[in-house]
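Q: Got a sequence here, can you model it:
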Amino acid sequence: MDRIAEAAGANKAQIYAWFNSKDGLFDAVFAEHLALIVNMVPFDATDLSGYAARLYDAYLERPEVVRLAAWARLERVPTGDLLEAATDQMADKTAAVREAQDAGLIDPALAPHDVYAMVIGLSLAWSPVSPTVTADAGDDPAEHARHRSALAAAAGRAFRPG
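A: The predicted structure follows:
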């Protein structure tokens, strides 16, 4: 709280008066960033490969957003749907997946919400919450191109009908 107060130009007592607790502060920050987390890049169910690659780039630009979502998962919502508060936005995404399934672009045997969750999972492969390797914006551009290509190939194959 000392670091937060210093960065905000406030004192801890003021922060506690506004938010009541550290949890209250975290919940307010998460609620403020929820739309950003859900809409970091435009979702296109007809191009899941491109969507995964664009998310990779967004995570490089805004790693703090990924860390915030991961912290919310660890500390606030350990199971279930982390994005439950964004039901309207998520409904739009799953409806788009359903339309792509009806058009024969995505395997119709997969639940639309599961397709979205798995694309997000793929896109996090080199993110700040990766359990193996985390990419950094300063890494070699050829390495970023390789990651984007791998994500696009995996997403393209994973959800193909048949």
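Q: in which helix or strand would I find residue 74?
A: Using DSSP states H and E, residue 74 maps to helix 63-75.
Q: and that helix, which residues are buried?
A: 63, 65-66, 68-69, 72 (16 or more other Cβ atoms under 10 Å). All C-beta spots, glycine's among them, are computed from the backbone N, C-alpha and C.
Q: how about CSV for those, with pLDDT and distance to residue 82 added?
A: Shown next, in CSV, are the buried residues of helix 63-75 (pLDDT from 0 to 100; distance: Cβ to Cβ, whole Å):
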residue, pLDDT, distance to residue 82
63, 94, 18
65, 90, 13
66, 91, 12
68, 90, 11
69, 89, 7
72, 88, 6
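Q: hey, which helix or strand in the protein has the poorest pLDDT?
A: helix 2-8 (a mean of 79; mean pLDDT, DSSP states H and E).
Q: quick check, distance from the next helix or strand after that helix to the centre of its chain.
A: The helix or strand immediately downstream of helix 2-8 is helix 12-19, counting by DSSP H and E. A distance of 29 Å separates the centroid of the chain from that of helix 12-19, by Cα atoms, centre = their mean, to the nearest Å.
Q: Output the contacting helices and strands for helix 12-19.
A: The helices and strands touching helix 12-19, judged by 3 or more Cβ pairs under 8 Å, 6 or more residues apart in numbering; DSSP states H and E, are helix 2-8, helix 22-38.
Q: repeat that with 6 Å
A: For helix 12-19, there is no helix or strand it packs on, judged by 3 or more Cβ pairs under 6 Å, 6 or more residues apart in numbering; DSSP states H and E.
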